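Engineer: Fold the stuff below for me.
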Amino acid sequence: MIEALRHDELMDKVGGRFKLTALIQRRWLQLLQGARPMVDPKGLTEMEVVIEEIMAGKIIFELPEGVVEEEPQL
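Structural biologist: Numbering: from 1, shown residues only. Next up is the predicted model:
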């Protein structure tokens with residue numbers, strides 16, 4: 001499951017490396033605080049559960065209301 005992190009498909013699905021990192025951190029914390037997994041967790045670590053949830057489209061990255069995503073200026 002962690003193998004999925006080595007491919008750009010997962011990053012593209014979320015919208016980039018930093019969004020993926022933020023999403024993983026947020027969801028991992030939720031699981032550690034007692035949230036129920038949205039996929040079958042049998043035999044999986046918390047990290048694998050989060051990756052599986054992202055791959056299955058169960059969780060997505062959303063910016064808080066009022067925050068506007070700007071294009072980077074080069």
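
Engineer: where does this protein dip in pLDDT?
Structural biologist: Along the chain, the parts satisfying pLDDT under 70 run over 1-2, 63, 66-74.

Engineer: What lies in contact with the biggest helix by length in it?
Structural biologist: Using DSSP state H to define each element, the chain has its longest helix at helix 17-32. For helix 17-32, the surrounding residues in contact (C-beta atoms under 8 Å, 6 or more residues apart in numbering) are 10-11, 14, 35, 37, 46-47, 49-51, 53-54, 59-61. (C-beta placed from N, C-alpha, C; glycine too.)

Engineer: now do 6 Å
Structural biologist: With contact meaning C-beta atoms under 6 Å, 6 or more residues apart in numbering, helix 17-32 is reached by Met11, Val14, Glu46, Val50, Ile59, Phe61.

Engineer: show me the contacts for the second one.
Structural biologist: By that I understand Val14. Leu20, Leu23, Phe61.

Engineer: of those, closest to Pro41?
Structural biologist: Leu23 (17.8 Å; C-beta to C-beta).

Engineer: Filter the contacts of helix 17-32 down to the buried ones, ChimeraX style.
Structural biologist: Per 16 or more other C-beta atoms under 10 Å, the buried members of the contacts of helix 17-32 correspond to this ChimeraX selection:
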select :11,14,50,59,61
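
Engineer: about what we covered before: tell me the buried residues in the longest helix of the chain?
Structural biologist: By 16+ other C-beta under 10 Å, the buried positions in helix 17-32 come out as Lys19, Leu20, Leu23, Ile24, Arg27, Trp28, Leu31.

Engineer: quick one: the helices in this protein?
Structural biologist: Using DSSP H, helices in the chain cover 8-14, 17-32, 46-55.

Engineer: Just the CA trace of the second one, in CSV.
Structural biologist: In CSV, the C-alpha atoms belonging to helix 17-32 read as follows (Å, rounded to 0.1, in the frame of the first residue of the first chain):
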residue,chain,number,x,y,z
ARG,A,17,2.6,16.7,-3.0
PHE,A,18,1.9,19.3,-0.3
LYS,A,19,-1.9,18.8,-0.3
LEU,A,20,-1.3,15.0,-0.1
THR,A,21,0.9,15.5,2.9
ALA,A,22,-1.6,17.8,4.6
LEU,A,23,-4.4,15.3,3.9
ILE,A,24,-2.5,12.3,5.2
GLN,A,25,-1.5,14.2,8.4
ARG,A,26,-5.1,15.4,9.1
ARG,A,27,-6.7,12.0,8.5
TRP,A,28,-4.0,10.1,10.4
LEU,A,29,-4.6,12.3,13.4
GLN,A,30,-8.3,11.7,13.2
LEU,A,31,-7.7,7.9,13.2
LEU,A,32,-5.4,8.2,16.2
